[in-house]
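Participant: next one to model:
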Amino acid sequence: REMCVFSLHNFLKDPPFGKMDIISCRNVLIYLQPYLQKKALTTFHYALKKEGFLLLGKSEATGNAPDLFNPSEKNYKIFTPKNRPGKLMQVAGQ
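Facilitator: Reported below is the predicted structural model:
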């Protein structure tokens, strides 16, 4: 626990943290509209290190942002970020 930082964060409104090794977002995206899912995935993509990991729940996928993540362990819903620009991409809302 001493090596981990636990923090409350509204990933849809707050600016993303940067240089994260792991983001675990299990069983949250399924409750969001598609444009909010894409916004969340874009934020996660920006926040992860190049060699970081995104962990999703069993019913979740990166389908709303196929250009952002590669499956690392498809059976376990673990993804790695694809190459990315140096700044946060904005997603238009509805």
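
Participant: what are the boundaries of the strands in this structure?
Facilitator: Ranges of strands in the chain, per DSSP state E, are 20-25, 48-56, 69-73, 78-81.

Participant: buried deepest among those strands, which one?
Facilitator: Comparing the strands of the chain by mean neighbour count (mean count of other Cβ atoms under 10 Å), strand 78-81 comes out on top with a mean of 20. All C-beta spots, glycine's among them, are computed from the backbone N, C-alpha and C.

Participant: which strands or helices does that strand pack on?
Facilitator: strand 48-56, strand 69-73 (3 or more Cβ pairs under 8 Å, 6 or more residues apart in numbering; DSSP states H and E).

Participant: could I get those as TSV with distance to P34 and mean pLDDT?
Facilitator: Converted to TSV, those look like this (distance: least, Cβ to Cβ, whole Å; pLDDT from 0 to 100):
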stretch	distance to P34	mean pLDDT
strand 48-56	15	94
strand 69-73	16	93
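
Participant: now the residue sitting nearest the centre point of the chain: closest residue in space, sequence neighbours ignored.
Facilitator: By Cα atoms, centre = their mean, the chain has its centre lying nearest to F44, at 2.9 Å. Leaving aside its chain neighbours, F44 sits nearest to I23 (5.1 Å; criterion: Cβ to Cβ, 6 or more residues apart in numbering).
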